[in-house]
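**Q** next one to model:
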Amino acid sequence: MDIAHQVRGSGPALVLLAGQSNSHLWWESVREDFETRHTTVTLDWPGTGESAKPDVPYSTRGFAADVVGVLDALGIERAAVYGTSMGGRVAQWVAAGYPDRVSALVLGCTSPGGEHAVERSAEVRRALAGPGAGRFLLELMYTPEWLAAHAGPYHTTGDPAMPAYARRRHLSASAEHDAWDALPGITAPTLVVHGTDDVFNPAANAPLLTERIPGAVMHLIRGARHAYFEEFRREASPLVLDFLDDRS
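**A** Numbers count the residues shown, from 1 in each chain. So this is what the prediction gives:
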């Protein structure tokens, strides 16, 4: 499959993995935080951006194979992996399935999936399916104060050019994710990051991941919602960089 990818910066390789139904633009507002110390690699998930958009089943495990394929194409043997939201689900499979390729792992605002995960509430699900869903999604991503001060555009609410069938395929891939049994086999040093006020992917998933992955450490960002890495970048980016520097 043709997977578009982007490379910027210099230093040890760092793969940045975006959320569900989003292209590499998910990282655009904060990517520069990492570029002076890392060669950053992003990609457009199948169905998004400039990547191929086949109408076939997608899975987080399959997306992990796509990530490794991009690393192979770039000649990168080993990289740190930072995945957020669905990207964090994919990152779990990259670390579990390809341990020799991952030097360090950061899992942001994500979940182990399956029956052990803490799912969003029925109230949130109903609001996302009803009128005004677009505005509600923004409010799940950012605090009211941030939204009042930033008019957009926002790159965390989905690729607007994504075909409807691909959106459905992404939703299924994320919903069917279940890496619970694989998590104890992850050997990469792991940092779990989550906003305390995230109800889109409930913050209760962070300790589940931390306890399940050997040696993992957790950092909760107080007051942050799902897009903590953007709104709270002054805390989140240095946190991740310091973690990676200590393990490079």
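
**Q** which element is V106 on?
**A** strand 102-108 (DSSP states H and E).

**Q** check S29 too.
**A** S29 belongs to no helix or strand, assigned by DSSP H and E.

**Q** list the contacts for it?
**A** Counting by CB atoms under 8 Å, 6 or more residues apart in numbering, S29 makes contact with 155, 230, 233. Just so you know, the C-beta spots here come from the backbone N, C-alpha and C atoms, and that holds for glycine as well.

**Q** which of those sits closest to P112?
**A** Set against P112, the nearest of the contacts of S29 by CB to CB is E230 (23.6 Å).

**Q** okay, now the closest one: neighbour count?
**A** Here the number of neighbours of E230 (other CB atoms under 10 Å) works out to 23.

**Q** please report phi then psi for the residue most central in space within the chain.
**A** Nearest to the geometric centre of the chain sits T84, at 1.9 Å (CA atoms, centre = their mean). Backbone geometry at T84, expressed as degrees, to the nearest 10, gives phi -120, psi 140.

**Q** so which of the contacts of S29 belong to helices?
**A** 230, 233 (DSSP state H).

**Q** in CSV: the contacts of S29, plus distance to S21 and pLDDT.
**A** Listed next are those as CSV, based on distance: CB to CB, whole Å; pLDDT from 0 to 100:
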residue, distance to S21, pLDDT
H155, 12, 95
E230, 17, 98
R233, 22, 98
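
**Q** distance to A73 added to the contacts of S29, as CSV?
**A** Formatted as CSV, the contacts of S29 follow (distance: CB to CB, whole Å):
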residue, distance to A73
H155, 24
E230, 28
R233, 29
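
**Q** just the closest of the contacts of S29 to S103, please.
**A** Closest to S103, out of all of these and judged by CB to CB, is R233, at 22.8 Å.

**Q** so what's the closest one up against?
**A** R233 neighbours (CB under 8 Å, 6+ apart): 29-30, 33.

**Q** need the residues that contact the longest helix seen in the chain.
**A** Secondary structure of the chain per DSSP H: the longest helix is helix 60-74. Outside helix 60-74, the residues within contact range by CB under 8 Å, 6+ apart are 1, 3, 5, 7, 13, 15, 17, 41, 43, 45-46, 77, 79, 81, 86, 89-94, 97-98, 101, 113, 173-174, 176-177, 179.

**Q** now do stretch 18-25
**A** Here stretch 18-25 has contacts from 4-6, 16, 26-27, 42-45, 47-51, 84-87, 155-156, 158-159, 162, 166-167, 170-171, 173-174, using CB under 8 Å, 6+ apart.
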